[in-house]
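Novice: Return a 3D structure for these sequence lines:
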Amino acid sequence: MRLMLVATLLLVIITVVDAGRRHRARNRIRHRSYGRQASVSSSRKQINCNKIRRRQACSKCCSVDGNWGQWSEFNPCSVTCGEGTQSRSRSCDNPPPAYDGADCNGDGTETRSCNTIECLVDGNWGAWSEFSACCPVCGVVEQTRSRVCDNPAPGPGGADCPGDSEETRTCDSNDCLDNAPISLCEGQSFDVIVLLDVSAGSITDEGIAQARNLIQGLYTELRIDGNLRRFGFIAYAGAMADFNRLVLGADDTATQQSRIDGISVINGPPNLETAISVLVSDFTNLGRTGIRQIGIVIGASDPFTIDDVTRFTNPAKEANIALYAVGIVDLVNEEYLQAIATNASGAITATSEQLEETATRLEQLICLCDK
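Specialist: Okay, here's the model as predicted:
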């Protein structure tokens, strides 16, 4: 019995001692663990995040969101006038995003309008047009061409195009007329009355012969047929009662040509004013509506002033009668003939050697140029 008690007491002592040893051991472990944690925490507070990144000690606790740096200056405008653009930029580097940090919000570039004032635009010429026609026109004529200041047109404050908008040059269309087809007057309708000064002091017998030849040539060249193209003449001198007249459209063509051959000198002064009056009267009373009326004045002298001639012929021109003037000798002043003719090209001086050429020229004027 005593032995059992001793054994039990020993067991109790051993248990108590063992429990105390284990308690002290646990306390030592806790103390060491707490000290280590406190040391690590303190160290982290002292270590810079950059060093931690380099050591890759953490990835979440030190993530950095990006932030924009300063804007640059705007670059120069894309144009010097008119509406242009200019831009500026910035970088996401203040700081840049790191370790899964967010990118910068917004745009890295910015654009705006610049120089919205209008440019000064100087005008520039467009292309020249074609020259106006040279043929069929008679004699030396002026051709013109034009251009427009629209390439571009001058803008507000811009300069106009330098130079002229029109250009002129001369053109001799006689070559065109020389190549014109024969029988120019075929198919055309007109009435012709020839006025011839046969006053004794103005024309010689030789001049009368030349005038008759010219009128016969005209009769042929103009293709007078008594129907589409009718003919008459007034050989004037002295009073109207003295005139030798072939009334417009009277007689057949053979009789008319015979009457032409019978023209001769008449005593008395030249009387152009009365002859023009008779011409206008004949066309008024015997002319056909819508048919051209043509008067051809032939003379071998210029017995009147330019002012008088202009006054004499005005009634015919006002009645839309086309007047042509032929001087059959060199003595007739060209200005005198031009005062009679409706157009300057219708004033012709012809020598005896040029009568056939003159008849052809009148045909070209009447049936091609002035039709």
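
Novice: Kindly indicate whether the closest residue in space to residue 192 that isn't next to it in sequence is helix, strand or coil.
Specialist: Setting aside the residues directly before and after it, residue 192 is nearest to residue 294 in space (Cβ to Cβ, 6 or more residues apart in numbering), at 4.7 Å. C-beta coordinates here come from the backbone N, C-alpha and C atoms, glycine included. Classification of residue 294 by DSSP: H, G, I helix; E, B strand; the rest coil places it in strand.

Novice: what do you get for residue 282?
Specialist: For residue 282, the assignment made with three-state DSSP gives helix.

Novice: tell me the contacts of it?
Specialist: 193, 232, 247-248 (Cβ atoms under 8 Å, 6 or more residues apart in numbering).

Novice: May I ask which of those has the most neighbours?
Specialist: Among the contacts of residue 282, residue 193 has the most neighbours (other Cβ atoms under 10 Å), with 27 neighbours.

Novice: If you drop the residues flanking it in sequence, what lies closest to that one?
Specialist: Closest to residue 193 by Cβ to Cβ, 6+ apart is residue 232, at 4.6 Å.

Novice: Going by secondary structure, the one you found is in what exactly?
Specialist: Taking DSSP states H and E as the criterion, residue 232 maps to strand 229-236.

Novice: Quick one: name whatever helix or strand follows that strand.
Specialist: Assigned by DSSP H and E, the successor of strand 229-236 is strand 244-246.

Novice: how far is that following strand from where the chain is centred?
Specialist: 56 Å (Cα atoms, centre = their mean, to the nearest Å).

Novice: so for it, what's the average pLDDT?
Specialist: Averaged over strand 244-246, pLDDT sits at 94.

Novice: Show me what secondary structure element comes after that strand.
Specialist: Following strand 244-246 in sequence, per DSSP H and E, is helix 253-261.

Novice: which other helices and strands contact that following helix?
Specialist: helix 205-221, strand 229-236, strand 244-246 (3 or more Cβ pairs under 8 Å, 6 or more residues apart in numbering; DSSP states H and E).

Novice: Distance to residue 314 added to those, as JSON lines?
Specialist: Listed next are these as JSON lines, based on distance: least, Cβ to Cβ, whole Å:
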{"stretch": "helix 205-221", "distance to residue 314": "24"}
{"stretch": "strand 229-236", "distance to residue 314": "18"}
{"stretch": "strand 244-246", "distance to residue 314": "22"}
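
Novice: highest average neighbour count across those?
Specialist: strand 229-236 (a mean of 25; mean count of other Cβ atoms under 10 Å).

Novice: give the contact list for residue 103.
Specialist: Contacts of residue 103 (Cβ under 8 Å, 6+ apart): 66, 92, 97.

Novice: Quickly find the element holding the second one.
Specialist: Using DSSP H and E, no element contains residue 92; it sits outside every helix and strand.

Novice: In this structure it contacts residue 64, no?
Specialist: No. Counting by Cβ atoms under 8 Å, residue 64 is not a contact partner of residue 92; they are 11.5 Å apart.
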